[in-house]
Each structure stands twice: as C-alpha cells, then as structure tokens.
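Asks: Dropping a prediction and its sequence here:
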Amino acid sequence: MVRNDSLARIVMLLCFGTAILSLTLHWRISTSMPNTVKDSSRVSTNEPFDFFARQIRDFVSLEKDVTEESLPKSKLPSKTQAASPQQSEAKRLNNASLEKKVVVDLGDRRAYVYRQNTVIASYPIGVGKKGWETPTGTFEVLHMQHYPAWKHPITGKVFAAGPNSPLGERWIGFWSDGHNEIGFHGTPESDLVGSPVSHGCLRMRNSDVRLLYEQIDLGVAVEVRK
C-alpha cells in the first residue's frame with residue numbers, strides 16, 4: 001500500500017510539471033507572435049488550461065485505479081465475497097433440519113423420523129399415563145441436552161444427572177408451559193418403554209434416544225397424534 005501511494009505521488013508531480021511546462025511554452029510562443037496570429041488563435045487560448053485539466057483528470061483516474069487494485073479483498077463489501085466453508089456448512093445443516101420432522105403415533109407408541117417425507121428411522125416409546133397424557137399437536141424441538149437432571153413435578157425431588165437419572169442420557173424437549181417441559185428422553189428402566197408410564201414425556205431406550213439426538217436438531221418439527 002505504501003509503495004502504491006509513492007507511485008501515485010510521483011505520477012501526480014510529473015503531471016503537474018508537464019502541465020506547467022506546457023503552459024510556459026505556450027505563453028512564450030504567444031507573446032512572440034504577431035497580433036494577427038494571436039487574433040486568429042483566440043479560439044484556442046484555453047488550450048493549455050484544457051491540457052492541464054486533462055492531466056488532472058487522468059491523474060485522478062489513475063489514482064483511483066491504483067487505490068482499488070491495492071485495496072485488500074477483505075475491505076470490499078461482504079456481498080462480493082464468497083461464503084466461508086463454516087457459513088456454507090451451517091446453512092446446509094439448517095436446510096437439512098428443515099427437511100426433517102418427527103411424527104409420534106401415540107396409538108402404536110412409536111416415533112418416526114422423516115427426511116423429505118421418507119421414514120429413515122422409528123423407535124418404540126413410552127407415553128403419558130392416565131391423567132398425564134402426552135399433549136397432541138405440532139411443535140418444534142426447543143431444548144436438547146446431554147445427561148439431564150430431573151425435578152419430580154409432584155414431590156419436587158431433584159434427581160442428579162447420571163446413569164440412574166429418570167431422564168437417562170439425552171433430553172429433547174419440544175413442549176413447555178413456561179414451568180414444565182415435555183420431550184423425548186432416555187430411561188434406566190428400558191423394560192417400561194412401550195407402556196403408558198410417564199408424566200407426559202416420551203420415554204426411549206438410551207441407545208435409541210442417543211441416535212435420535214444425532215438425527216435431529218433444534219427447530220425440527222414434532223407432530224404428536226393419537
């Protein structure tokens with residue numbers, strides 16, 4: 001950048017010097033010519049000034065070209081730059097998540113993972129027991145967590161995260177009233193999967209909920225139907 005600035009200054013000085021020299025020569029010639037010659041050349045008395053203006057204009061154009069060529073690419077407007085690999089990957093993952101959905105059928109107690117209307121996986125689930133029925137409707141994944149802790153909705157007892165946590169190894173929440181959440185989760189009691197035993201959540205085997213956790217993302221639609 002410093003080298004380009006020096007070049008621009010040198011060009012500017014040369015332009016000014018050339019213009020001044022031309023103006024001086026024209027003045028000397030004009031003063032030494034007869035009046036008749038000067039009269040016949042009135043239409044061109046502005047020629048040295050026109051030449052000087054052209055030199056200034058050419059210099060400005062040259063300086064602009066030099067500046068633009070020496071400008072780092074990162075200074076150009078962002079819309080002229082290609083997206084970074086990280087941005088492209090994030091966009092791809094976001095688009096992929098929009099193409100997926102999970103359909104929960106409370107009747108056959110299974111969760112189906114769809115990608116572009118094709119089932120790519122299905123898992124058995126435990127559902128809400130009487131009085132704690134799993135809510136139906138269309139939701140979206142709001143919260144995902146590894147090894148979640150759990151607070152009992154009635155007693156208030158807190159179960160720490162770990163192998164004996166009632167929520168198992170993963171949590172995928174899709175419904176909330178501001179205080180309580182409902183979602184998919186693992187369980188240390190895998191033999192109860194497939195039964196109406198939960199407080200509204202969808203229980204899964206730990207091995208299955210780990211797979212589901214990797215197959216979906218935040219924002220994926222969850223449709224729960226009877």
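Replies: Arrived safely. All values derive from a computational prediction rather than experimental measurement.
Asks: Low-confidence stretches in the protein?
Replies: Residue ranges of the chain with pLDDT under 70: 1-19, 21-98.
Asks: For this structure, which segments count as helices?
Replies: Using DSSP state H, the helices of the chain run over 2-32, 35-40, 47-70, 85-98, 206-215.
Asks: what residues are up against Lys100?
Replies: By CB atoms under 8 Å, 6 or more residues apart in numbering, the residues touching Lys100 are Val113, Tyr114, Arg115, Gln215, Ile216, Asp217, Val220, Ala221. Using the backbone N, CA and C atoms, a C-beta is placed for each residue, glycine as well.
Asks: now do 10 Å
Replies: Shown in contact with Lys100 (CB atoms under 10 Å, 6 or more residues apart in numbering): Val113, Tyr114, Arg115, Gln116, Ile120, Val141, Gln215, Ile216, Asp217, Gly219, Val220, Ala221.
Asks: Now the phi/psi pair for the fourth one, please.
Replies: The reference is to Gln116. Main-chain dihedrals, Gln116, degrees, to the nearest 10: phi 50, psi 50.
Asks: That one: neighbour count?
Replies: 9 (other CB atoms under 10 Å).
Asks: Repeat that for the one 10 residues further on.
Replies: Gly126: 23 surrounding residues under other CB under 10 Å.
Asks: So what pairs up with the nearest residue to it once chain neighbours are set aside in the strands?
Replies: Computed as CB to CB, 6 or more residues apart in numbering, the closest residue to Gly126 that is not its neighbour in sequence is Arg203, at 3.4 Å. Beta-bridge partners for Arg203, by DSSP bridges, are Gly126, His185.
Asks: Make sure Arg203 is actually in contact with Val127.
Replies: Yes: the pair formed by Arg203 and Val127 meets the contact definition of CB atoms under 10 Å, at 8.0 Å.
Asks: Mutual contacts of these two, please.
Replies: Contact with both Arg203 and Val127 is made by residues Arg109, Val193, Gly194, Ser195, Val197, according to CB under 10 Å, 6+ apart.
Asks: Could you export these as a markdown table, including neighbour count and distance to Asp208?
Replies: Listed next are the shared contacts of Arg203 and Val127 as a markdown table, based on neighbours: other CB atoms under 10 Å; distance: CB to CB, whole Å:
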| residue | neighbour count | distance to Asp208 |
| --- | --- | --- |
| Arg109 | 18 | 13 |
| Val193 | 22 | 8 |
| Gly194 | 16 | 11 |
| Ser195 | 15 | 15 |
| Val197 | 16 | 16 |
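Asks: Same list (the residues you listed) but as CSV, adding distance to Phe174.
Replies: Formatted as CSV, the shared contacts of Arg203 and Val127 follow (distance: CB to CB, whole Å):
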residue, distance to Phe174
Arg109, 17
Val193, 18
Gly194, 20
Ser195, 21
Val197, 19
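Asks: and of those residues, the nearest to Pro153?
Replies: Distances from Pro153 to these, taken as CB to CB, are shortest for Val197 (14.3 Å).
Asks: Next, find the distance separating the closest one from Gly107.
Replies: Applying CB to CB, to the nearest Å, the value for Val197 to Gly107 is 17 Å.
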